[in-house]
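In: need a 3D model of the following:
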Amino acid sequence: PSPDGRLIAYVTGGALHVVRPDGTGEMRLAAPEGPEVTYGLTDYVSAESMGRMHGYWWAPDGGALLA
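Out: Next up is the predicted model:
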């Protein structure tokens, strides 16, 4: 969830999406250009050595998402 609770970010099919908590307003922010590309997922090394489970971060005010 975003810091302000207005949106929830998630990844499916390699694409990064946001949606409101009530399930409305879904929007795809980044879509893979091919089968080897994903957005919002962490790489293997970061997951294993740093315990990072996602590859996106909310701005403190919830107004932007970095992937």
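In: residues near the spatially closest residue to Val37 that is not a sequence neighbour, how many?
Out: By the measure of CB to CB, 6 or more residues apart in numbering, the closest residue to Val37 outside its immediate chain neighbours is Gly14, 6.5 Å from it. Just so you know, the C-beta spots here come from the backbone N, C-alpha and C atoms, and that holds for glycine as well. Residues within reach of Gly14, counting by other CB atoms under 10 Å, total 17.
In: does Thr38 belong to a helix or a strand, and which?
Out: Counting by DSSP states H and E, Thr38 is held by no secondary-structure element, helix or strand.
In: pLDDT score assigned to the residue lying closest to it once chain neighbours are set aside?
Out: Of all residues beyond its chain neighbours, the one nearest Thr38 is Gly14 (3.8 Å), with distances taken as CB to CB, 6+ apart. What the model reports for Gly14 is a pLDDT of 90.
In: which residues touch the residue nearest to Val37?
Out: Residues in contact with Gly14 (CB atoms under 8 Å, 6 or more residues apart in numbering) are 31-32, 37-39, 41.
In: ok, it to Pro1 distance?
Out: For Gly14, the distance to Pro1 (CB to CB, to the nearest Å) stands at 21 Å.
In: just the buried residues from the contacts of Gly14, in PyMOL please.
Out: One line in PyMOL is enough to select the buried members of the contacts of Gly14, burial here meaning 16 or more other CB atoms under 10 Å:
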select buried, resi 38+39+41
